[in-house]
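S.K.: Sequence first, then the predicted structure:
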Amino acid sequence: MRLIKGIFLALLPLPAMADSCHDQLADILANPLYSDIPYEAQAVGSIGGMETITHQQFLSDTHSLIKTITPAGLPDTLFYQGGTYHPDGEGGWKLLYETDLTTYEKGLEDTRQGRSQAVLIAECSDIDVDGSLHTKISGTIDVVPPFQSEMQVEYVINPETGLPVQFSYAYTMNGMQAESRFEYKALPGLELPTP
């Protein structure tokens with residue numbers, strides 16, 4: 001009986017090997033991108049066919065500055081400790097609206113965990129980025145509210161730092177296709193304004 005059981009177990013795929021890529025993607029989705037490291041992102045995308053280009057800087061999940069390049073003419077947006085601000089025209093910031101910080105952080109964590117647990121497919125491969133070998137991790141995430149469709153994601157990870165250098169996504173919302181591609185860079189000395 002032990003021999004039969006041993007043969008049966010030997011024929012099963014090893015979970016660590018079979019799920020390695022799935023687990024890597026789930027881990028990326030479950031955690032902040034750069035943890036406690038300030039960073040910037042250049043993002044190019046489209047929503048319903050309308051192009052968007054933004055320059056984003058993050059000190060943390062609760063302190064960031066977004067500059068919209070396209071469409072032109074939109075004000076900078078500062079997010080600080082649950083408050084969302086626009087420039088007041090006098091060198092300061094005016095509060096647009098405020099979100100309870102605890103509620104915001106819980107919602108962010110719930111979204112991360114929901115996506116992490118909803119990975120349907122994951123694939124990993126090595127790619128060349130400017131002459132350096134990086135890891136590409138791509139996959140499909142099942143529908144996680146408030147999203148209304150599956151989401152396609154792709155991360156390019158620098159194996160030396162373990163940090164993403166690129167990220168792209170695509171999904172459908174209210175019948176419109178939304179997609180974007182981010183280029184990341186760590187900025188350890190970053191300073192952002194406060195209201």
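M.R.: Arrived safely.

S.K.: how close does residue 175 get to residue 149?
M.R.: Separation of residue 175 from residue 149 (Cβ to Cβ, to the nearest Å) stands at 10 Å. C-betas here are computed from N, CA, C, even on glycine.

S.K.: Residue 77 too?
M.R.: According to Cβ to Cβ, residue 77 and residue 149 sit 26 Å apart.

S.K.: between these two, who's got more neighbours?
M.R.: Counted by other Cβ atoms under 10 Å, residue 77 and residue 149 do not tie: residue 77 has more neighbours, with 18 against 15.

S.K.: For the chain, just list every one of the helices.
M.R.: For the chain, helices defined by DSSP state H occupy the ranges 2-11, 15-18, 20-30, 101-116.

S.K.: Residue 178 is in contact with residue 172, isn't it?
M.R.: Yes. Counting by Cβ atoms under 8 Å, residue 178 touches residue 172, with 7.1 Å between them.

S.K.: low-confidence ranges in the chain?
M.R.: 1-18 (pLDDT under 70).

S.K.: Against residue 189, how distant is the residue positioned nearest the centre of it?
M.R.: The centroid of the chain falls nearest to residue 33 when counting by Cα atoms, centre = their mean (6.4 Å). Noted for residue 33: a distance of 18 Å to residue 189, by Cβ to Cβ.

S.K.: Contacts only, for residue 68.
M.R.: Residue 68 sits next to 52-54, 74-77 when contact means Cβ atoms under 8 Å, 6 or more residues apart in numbering.

S.K.: contacting residues around residue 100?
M.R.: residue 82.

S.K.: ok, now with 6 Å
M.R.: Counting by Cβ atoms under 6 Å, 6 or more residues apart in numbering, residue 100 makes contact with nothing.

S.K.: still on that earlier bit, quick check on the contacts of residue 68: which are buried?
M.R.: 52-54, 77 (16 or more other Cβ atoms under 10 Å).

S.K.: how about those residues in a markdown table, adding distance to residue 184?
M.R.: Conversion of the buried ones among the contacts of residue 68 to a markdown table gives the following (distance: Cβ to Cβ, whole Å):
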| residue | distance to residue 184 |
| --- | --- |
| 52 | 17 |
| 53 | 15 |
| 54 | 13 |
| 77 | 19 |
